[in-house]
Structures are given as structure tokens and as C-alpha cells.
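Chemist: here is a sequence together with a model predicted from it:
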Amino acid sequence: QVQLVESGGGLVQAGDSLRLSCAASGRTFSRYAMAWFRRAPGKEREFVGAITWNGGTTYYADSVKGRFTISRDNAKNTVYLQMNSLKPDDTAVYYCAAEFRLGGPPSQVEDNYDYWGQGTQVTVSS
């Protein structure tokens, strides 16, 4: 069992930066690929990015590539989402998710993820 708790959301202005954190419980955190998804008002939840179990490779949606960076610290059971050059379109509830996977790229499909956090709101004003 893995429990995920996101933090770091808030209200910022366009062009600002924000770092989200996702703290995981359990001793098997390093066996999971981790991802960030988001749900904007009136839209379906979408993939933002993911990181392999060892942090060796990251994947991003085209909409955030070059602006967002995912990292993880397995010693601290934490994954991060650094968001730079934020835009109003980035306004959403951001969720972290864990997929049990030791090989291959993380999935970009939310149904493949085993555990989810409760989400943290990010609001970007223009």
C-alpha cells in the first residue's frame, strides 16, 4: 500500500514558478514509477509528466515540455514537480500517482496507476 500526499499548490501570477511535492508512505516507493496528472475546470484529467523508478528518465506532455521538470528523491520518498513560466492554462488540480513498474517507460494512461494523491490546486492568474 502506498499513500500519496501532495503539497505546494497555490495562487500565482503568469510567469511565476511553483514547486509541488508528493510525499509517499511505505517502504517500496522506489519500485514505483511516479507521474503527475492534472484536471482543469470542465476538462478531463490529463497526463503532465512521469519519472522512472530510479529517476533516470522523465517524460512530459507537449504542453509542459521545457517548462516543467519532474524529479524524485527515493531516500525521502518524495517526487517533485517544478513548474516554471506558468500560464493561466496551467490552472488545475494537480495529482501525483504511482505505478508499480521496474522496467519500461511509465504509462501516460491514468487507469494504469495504482495509487493517487488527493490533489493540490494550482491557480495561475493572468
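Modeler: Sure thing, it's come through.

Chemist: phi, psi of the residue nearest the centre of the chain?
Modeler: Among the residues of the chain, residue 36 comes closest to the average C-alpha position under C-alpha atoms, centre = their mean, at 2.3 Å. Reported as degrees, to the nearest 10, the phi and psi values for residue 36 are phi -120, psi 130.

Chemist: look up the closest residue to it, ignoring the ones flanking it.
Modeler: For residue 36, ignoring the flanking residues on the chain, the nearest one in space by C-beta to C-beta, 6 or more residues apart in numbering is residue 48 at 4.2 Å. All C-beta spots, glycine's among them, are computed from the backbone N, C-alpha and C.

Chemist: follow-up on the earlier one: contact partners for the residue nearest to the centre of the chain?
Modeler: Contacts for residue 36 (C-beta atoms under 8 Å, 6 or more residues apart in numbering) come out as 20, 22, 48-50, 70, 79, 81, 94-97.

Chemist: what about 6 Å?
Modeler: By C-beta atoms under 6 Å, 6 or more residues apart in numbering, the residues touching residue 36 are 48-49, 81, 96.

Chemist: and the residues you listed, which two are the farthest apart?
Modeler: 49 and 96 (10.5 Å; C-beta to C-beta).

Chemist: thinking again about what came up before, which one of the contacts of residue 36 has the most neighbours?
Modeler: residue 96 (29 neighbours; other C-beta atoms under 10 Å).

Chemist: how is it assigned, secondary-structure-wise?
Modeler: strand (DSSP: H, G, I helix; E, B strand; the rest coil).
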